[in-house]
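Colleague: For reference, the sequence and a predicted model appear below.
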Amino acid sequence: MLVSFSVANFRSFSTEQLFSLTASTQLAEGHAAHVVPIGECGGVLRTGVIYGANAAGRSSLHKALAFVKDTALLTRKGPGTGRTPFGQNGMRSLPSTFDLQFLQSGKLYRYGFSVDSERVAEEWLAQTVSNQERPIYHRRTLSNGRVEISAPGLMDSPKLAALVSAGVLPAESLLASACRQLKASELGEALSDVIEWFAIGLSLLTPESTPGMLGQSLANDARFREFAGDFLRSCGTGIDGIQVQREALSREELYATLPSSLITYLLSQRGPYQASIPLPDDAELLVESTASGLSFHRLAIQTTHSNPGGDVTVLALSDEPGETRRLLALVPALYQCSKGAAVFCIDEIDRDLPPLLVQKVIEYFLATSSQHPCQIIATTHDTQLLTRELLRCDEIWFMEKDSRGASHLYSLMDCKIHPGLARGYLQGRYTAPPFTAEQLLGPPETVNCP
């Protein structure tokens, strides 16, 4: 679970901005199931919802997390670090800094790094034990390009110890990404936890994200198929169930479906393997390579609807409205949260969804994930979520820009809270109004707010 994330000098962020999911001790309200205890450190929230006007910087937070994940897992192939500093003069020469606290395998870690456009200036990893941080490693790049690493928590791994002693780490690469190819037994417990959290525990969904291999998952996993049907049914879509039609394709049909260059590539790959290729009409091409040969199947997702007379109508997914397809794209995230630890950051969760359906997504997540340490962090405009019946006040955050174009992030807990949260947001009581709603609802009241 993500406990906190801070970022400075990246995209629309100039000074350091902190997003925290630590549960406030000031709240005496309900929603106890929204908090996961983390021992001596208090509790961490299951949800975080970020509001702000268009271009306020909500997506910058999502992109900052994506940059951290990619940099921690992938080795840079081109020159430099690929960071995007804040655009004002004087900031491009300064480093961008990222710092996260997260839970993995029941342990609380702090991981972060500072990079300029050419190299990694610093990188650090520590574990919090009994409210004290114990350093795992700290690296810094000297002015001559040499990398120095102090790693008291990595000396139990001979390969890591040798890498640290050699000091051959590239200046533009993180230690985490450079060590990712090592086996878990060679990484040591702490670094292995960090890489696993970024690779598996943290997922980021953009408004354009589509669930890869959804048809294959629905076809092969009866529990997932049942979960998807229950979710769509609970959202009032009129769907009773979901199924997958599987149809074998001949070589002639295959060449009529895919470019010949792609078919040549697939035929050249050694098995066994499975691959899923998106097709028009929301269908998928399932490629399976086994010892007996290569096979190709078209997977078409279908929905079932019961009619008053008892008949059942079967529709192709492409015949369903856009909101149904968007809901289905969120099902893998909800399903993973219902099974175990997971963190999903969803940018513009309300894209293509009416307000009541966004609320249904959050309600379904909270109802089905209560037994697991998982989170959904979402950016949105949807004021339907701005109610204390659904969310705690410390789960609600706001983003706005100042006159320099710099984004500022703060919690509803930092504001004077009014009973009508949604109306107050539209009037600009907590942040700049997202729309011109103040013309309809009247002028905003004056409150003490950042």
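Modeller: Structure's in. What do you need?
Colleague: Could you use CA atoms for every contact and neighbour count after this?
Modeller: OK.
Colleague: how is the chain carved up into domains?
Modeller: 2-205, 214-329 (automatic domain parsing).
Colleague: quick one: the shortest one to chain centroid distance?
Modeller: Which is domain 214-329. Centroid separation between domain 214-329 and its chain, computed with Cα atoms, centre = their mean, to the nearest Å, is 24 Å.
Colleague: any idea which of the domains of the chain is most buried?
Modeller: The densest packing among the domains of the chain, expressed as mean neighbour count by mean count of other Cα atoms under 10 Å, is seen in domain 2-205 with a mean of 18.
Colleague: how far out from the middle of the chain is that domain?
Modeller: Centroid separation between domain 2-205 and its chain, computed with Cα atoms, centre = their mean, is 14 Å.
Colleague: Ile136 is in contact with Ala151, isn't it?
Modeller: Yes - under the criterion of Cα atoms under 8 Å, Ile136 makes contact with Ala151 at 5.7 Å.
Colleague: Show me which residues of stretch 206-215 are buried.
Modeller: Within stretch 206-215, the residues that count as buried by 16 or more other Cα atoms under 10 Å are Met213, Leu214, Gly215.
Colleague: neighbours around the nearest residue to Leu385 once chain neighbours are set aside, how many?
Modeller: If you skip the residues right next to it in sequence, Leu385 has Gln359 as its closest partner in space, 6.0 Å away by Cα to Cα, 6 or more residues apart in numbering. Close neighbours of Gln359, defined as other Cα atoms under 10 Å, add up to 20.
Colleague: quick one: Gln359 and Gln375, what's the gap?
Modeller: 15 Å (Cα to Cα, to the nearest Å).
Colleague: Report how many residues lie close to Tyr354.
Modeller: I think there's a mix-up here, since residue 354 is Pro and not Tyr. Look at Pro354: counted by other Cα under 10 Å, it has 12 neighbours.
Colleague: picking up where we left off before, you'd agree the residue nearest to Leu385 is in a strand?
Modeller: No - applying DSSP: H, G, I helix; E, B strand; the rest coil, one finds Gln359 to be helix, outside a strand.
Colleague: Against Leu366, how distant is it?
Modeller: Where Leu366 is concerned, Gln359 sits at a distance of 11 Å (Cα to Cα).
Colleague: For the chain, give the helix that spans the most residues.
Modeller: Criterion DSSP state H: the longest helix present in the chain is helix 322-339.
Colleague: which residues are contacting that helix?
Modeller: Counting by Cα atoms under 8 Å, 6 or more residues apart in numbering, helix 322-339 makes contact with 209-211, 214, 224, 227-228, 231-232, 237, 317, 342-344, 352-354, 365, 368-372, 374-375, all of which sit outside it.
Colleague: The very next helix or strand once past that helix - contacts with which helices or strands?
Modeller: Reading on from helix 322-339 to the C-terminus, the next helix or strand found by DSSP states H and E is strand 342-346. Counting contacts by 3 or more Cα pairs under 8 Å, 6 or more residues apart in numbering; DSSP states H and E, strand 342-346 is packed against strand 202-205, helix 322-339, strand 374-379.
Colleague: could I get those as CSV with mean pLDDT and distance to Ala171?
Modeller: Formatted as CSV, the helices and strands packed on strand 342-346 follow (pLDDT from 0 to 100; distance: least, Cα to Cα, whole Å):
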stretch, mean pLDDT, distance to Ala171
strand 202-205, 94, 26
helix 322-339, 90, 36
strand 374-379, 95, 33
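Colleague: For those, give me a markdown table that also has distance to Leu391.
Modeller: Putting those into a markdown table (distance: least, Cα to Cα, whole Å) gives the following:
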| stretch | distance to Leu391 |
| --- | --- |
| strand 202-205 | 21 |
| helix 322-339 | 18 |
| strand 374-379 | 12 |
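Colleague: between the ones you listed, which one is nearest to Leu254?
Modeller: The closest approach between Leu254 and any of the helices and strands packed on strand 342-346, judged by Cα to Cα, belongs to helix 322-339 at 25.8 Å.
Colleague: so how far is that closest one off the chain centroid?
Modeller: Taking the mean of its C-alpha atoms, helix 322-339 sits 13 Å from the chain's own mean (Cα atoms, centre = their mean).
Colleague: repeat for stretch 329-345
Modeller: Using Cα atoms, centre = their mean, the mean C-alpha position of stretch 329-345 is found 10 Å from that of the whole chain.
Colleague: Then stretch 376-385?
Modeller: With Cα atoms, centre = their mean, you get 14 Å for stretch 376-385.
Colleague: Buried residues in that stretch, which are they?
Modeller: Buried positions in stretch 376-385, judged by neighbour count with 16+ other Cα under 10 Å: Ile376, Ile377, Ala378, Thr379, Thr380, His381, Asp382, Thr383, Leu385.
Colleague: where are the low-confidence patches of the stretch 51-200 of the chain?
Modeller: Within the stretch 51-200 of the chain, the segments meeting pLDDT under 70 span 89, 156, 166-168, 184.
Colleague: would you list every one of the strands in it?
Modeller: For the stretch 51-200 of the chain, the strands defined by DSSP state E, counting those that start in this stretch cover 96-104, 107-115, 120-129, 132-141, 147-150.
Colleague: Serialize these to a markdown table and add fields for distance to Thr304.
Modeller: What follows is these, written out as a markdown table (distance: least, Cα to Cα, whole Å):
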| stretch | distance to Thr304 |
| --- | --- |
| strand 96-104 | 40 |
| strand 107-115 | 44 |
| strand 120-129 | 50 |
| strand 132-141 | 53 |
| strand 147-150 | 59 |
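Colleague: Can you tell me which of those is nearest to Tyr265?
Modeller: Between Tyr265 and the strands of the stretch 51-200 of the chain, the shortest separation by Cα to Cα is 37.0 Å, and it involves strand 120-129.
Colleague: Show me what the closest one is packed up against.
Modeller: Short answer (3+ Cα pairs under 8 Å, 6+ apart): strand 120-129 packs on strand 107-115, strand 132-141.
Colleague: and it, which strands flank it?
Modeller: Taking DSSP bridges as the criterion, strand 120-129 sits next to strand 107-115 (antiparallel), strand 132-141 (antiparallel) in its sheet.
Colleague: All good on my end, thank you.
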